[in-house]
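Undergrad: Here is a sequence with its predicted model. Questions after.
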Amino acid sequence: MRVISGKYKGKRFSPPKRFPSRPTTDMAKEALFGIIDAKVYFEDLDILDLFSGTGNISLEFLSRGVGKVVGVDSSGISCNFQKKIATELEANNWTILKQDAFHFLAENTRKFDLVFADPPFEFPELEKLTAQVFLSNCLVEDGIFILEHSERVDVSTFQFYKNTRHYGGVSFSFFEPS
């Protein structure tokens, strides 16, 4: 995996063999960040990355100069890999938590400008996850929730749904409370 833009542009990181998650492809990631770039100004944003896996998305946000990123993943292997990268990059504004996403959302009191979630493609609780993001009040008033999922999944009936963009087998769906 590589960082595609910003201060860490071109840096490459290789997850260990048999890593428990798959990183978002460069093509999809580049398209996603093109969309986000048109919607927000990155500087000083607070980002929540649920199911953060390799830290691929967190790194792209950090590279673009956001204020803080909180990465949440239930896998110790994933969290240790992200912590290793954070240490190498001296990314002191990147917090990595080994925790279940639903548990985090239930206990969290912080507000985020943008929440990104990339659960496993076979994750059966996408609608529950989306609802929990909004029920937890973790988004600022004009915040954005982005859900990465398989192109075979239709989330257009979920509350606060705005639109979906497809890139190969990957889809990004955007949700906004306003």
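TA: Structure's in. What do you need?
Undergrad: For the rest of this, base every contact and every neighbour count on C-alpha atoms.
TA: OK.
Undergrad: Buried residues, the worst-scoring helix or strand of the chain on mean pLDDT. List them.
TA: The helix or strand of the chain with the lowest confidence, counting by mean pLDDT, DSSP states H and E, is helix 26-39 at a mean of 92. If you call a residue buried by 16 or more other Cα atoms under 10 Å, then helix 26-39 has these buried ones: 28, 29, 30, 32, 33.
Undergrad: Can you spell out which helices and strands pack onto it?
TA: Helix 26-39 sits against strand 161-167, with contacts defined as 3 or more Cα pairs under 8 Å, 6 or more residues apart in numbering; DSSP states H and E.
Undergrad: What is the helix or strand containing residue 81 packed up against?
TA: Assigned by DSSP states H and E, residue 81 belongs to helix 76-89. Counting by 3+ Cα pairs under 8 Å, 6+ apart, the packing neighbours recorded for helix 76-89 are strand 94-98.
Undergrad: If you count neighbours, what's buried in stretch 78-91?
TA: 78, 79, 81, 82, 83, 85, 86, 91.
Undergrad: And stretch 146-153, by the same measure?
TA: Judged by neighbour count (16+ other Cα under 10 Å), stretch 146-153 contains these buried residues: 146, 147, 148, 149, 150, 151.
Undergrad: Regarding residue 106, what is its secondary structure?
TA: The three-state assignment at residue 106 reads helix, by DSSP: H, G, I helix; E, B strand; the rest coil.
Undergrad: Mind checking which of the buried residues of stretch 146-153 land in helices?
TA: Applying DSSP state H to the buried residues of stretch 146-153, no entry is found in helices.
Undergrad: Take these and keep only those in strands.
TA: Members of the buried residues of stretch 146-153 lying in strands (criterion: DSSP state E): 146, 147, 148, 149, 150.
Undergrad: of all those residues, which comes closest to residue 11?
TA: Nearest to residue 11 among these, counting by Cα to Cα, is residue 148 at 23.1 Å.
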